[in-house]
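Chemist: what's the 3D shape of this:
(one chain, ligands or ions: 1)
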Amino acid sequence: MTDLSHALLETRSVSVSFGAFKAVDAVSLKVTEGSITGLIGPNGAGKSTLFNAIAGEQACDSGEIRFDGSRIDGLASNDVHGTGLARTFQIPKPFAAMSVLENLMLAAPDQPGEQFWVPVIARGRIAAREREILERAHEILAFTTLEGVASEAAGQLSGGQQKLLELARVLMSSPKMIMLDEPAAGVNPTLTGVLIEKIEQLNADGCTFLIIEHDMDLVMRHCDTIVAMTNGRIIYEGDAAGAQSNEMLLNAYLGAGADG
Ligand SMILES: Nc1ncnc2c1ncn2[C@@H]1O[C@H](COP(=O)(O)OP(=O)(O)OP(=O)(O)O)[C@@H](O)[C@H]1O
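Modeler: Take a look at the predicted model:
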């Protein structure tokens, strides 16, 4: 039978070391276009290091990373983002003193900026682009339920709202794929529910997700594929039912005493 599933993101034998310690050890992973893929594993398994390598924030020792048909390993993080692959961080990093709206506007690609030498003739075009960015920011604020706090300083938001702001910021670049690092950590159940609903809506509109998460209920219920890592290696790739009955995976969690 022909395999019609297309790997939007693929790592081929990717390794990352810190000194003599191999945090990611020859990881080959495929994320199918249109999927919500969960990346799980006990603390220290190498999940965030793999994310950082994919996002261009951590150099690989060896291996290849392909996104949407092109090699992205070796690209700087901004250039990876420019290919349509966005990521959020385990600990949100907003510009705390700036408003929520300003945080979104700064995340827009193709910023016109404040360039005093811009010829008068171009100023109309710049104003039009700024209006477009503002409109898009308001659309995304409404979508992520943050419109009511648009003028508040980002640093004043609750932990859960900051996670929504992280998602809102990456949506400004209309990415094809989003990697979320522990989106539900420290978030109350109501906001976790909002976050999941938004992820599923974006997914229905064609956005692919790779999600690191320790909340097993979230992962098992909302991810169509699960990839499990331990000690830098992939030990399971398949569906939720298979993951729940996988002995190696169970032992890895028990051995690490993880919170998942
Ligand atoms: N910059 C670094 N320098 C040295 N060691 C590092 C560095 N970053 C990560 N490590 C180590 O690499 C291993 C993998 O860490 P990583 O953060 O990728 O794990 P993780 O699976 O994301 O864990 P968690 O679920 O706790 O976030 C850990 O042993 C960690 O201590």
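Chemist: part of a helix, is residue 227?
Modeler: No. According to DSSP: H, G, I helix; E, B strand; the rest coil, residue 227 belongs to no helix; its state is strand.
Chemist: can you list the low-confidence ranges for this protein?
Modeler: Along the chain, the model assigns pLDDT under 70 to residues 1-4, 111-125, 254-260.
Chemist: what's the next secondary structure element after whichever strand or helix holds residue 134?
Modeler: Assessed by DSSP states H and E, residue 134 sits inside helix 120-143. Next along the chain after helix 120-143, taking DSSP H and E as the criterion, comes helix 159-171.
Chemist: does the ligand have contacts with whatever helix or strand comes next after that next one?
Modeler: For helix 159-171, the following helix or strand on the C-terminal side (DSSP H and E) is strand 177-181. No. Counting by Cβ under 6 Å from any ligand atom, the ligand is not contacted by strand 177-181; separation bottoms out at 7.8 Å. Using the backbone N, CA and C atoms, a C-beta is placed for each residue, glycine as well.
Chemist: please name the strands paired to strand 177-181 in the sheet, noting orientation.
Modeler: Sheet pairing here is set by DSSP bridges, and for strand 177-181 it gives strand 85-87 (parallel), strand 208-212 (parallel).
Chemist: just how off-centre is the last one within its chain?
Modeler: By that I understand strand 208-212. Mean C-alpha position of strand 208-212 versus that of the full chain (Cα atoms, centre = their mean, to the nearest Å) differs by 6 Å.
Chemist: what of the shortest one?
Modeler: The chain centroid and the centroid of strand 85-87 are separated by 5 Å under Cα atoms, centre = their mean.
Chemist: give me the contact list for the helix or strand following that strand.
Modeler: Where DSSP H and E defines the elements, the next helix or strand beyond strand 85-87 is helix 100-106. Helix 100-106 is contacted from outside by 94-95, 98, 133-134, 137-138, 140-141, 146, 149-154, 157, 165, 168-169, 172, using Cβ atoms under 8 Å, 6 or more residues apart in numbering.
Chemist: quick one: buried ones out of those?
Modeler: 94, 133, 137, 140-141, 146, 149-150, 153-154, 157, 165, 168-169, 172 (16 or more other Cβ atoms under 10 Å).
Chemist: among the residues you listed, which are in reach of the ligand?
Modeler: Among the buried ones among the contacts of helix 100-106, the ligand is touched by none when using Cβ under 6 Å from any ligand atom.
Chemist: state the pair within those residues that is farthest apart.
Modeler: Spatial extent of those (Cβ to Cβ) is set by the pair 133 and 157 at 21.0 Å.
Chemist: returning to what we had before: list of residues touching the helix holding residue 134?
Modeler: Counting by Cβ under 8 Å, 6+ apart, 100-101, 104-105, 108, 110-112, 118, 147, 150, 168, 171-172, 198, 201 sit against helix 120-143.
Chemist: out of the residues you listed, flag the one nearest to residue 45.
Modeler: Using Cβ to Cβ, those come closest to residue 45 at residue 198, 26.7 Å.
Chemist: understood, closing this out.
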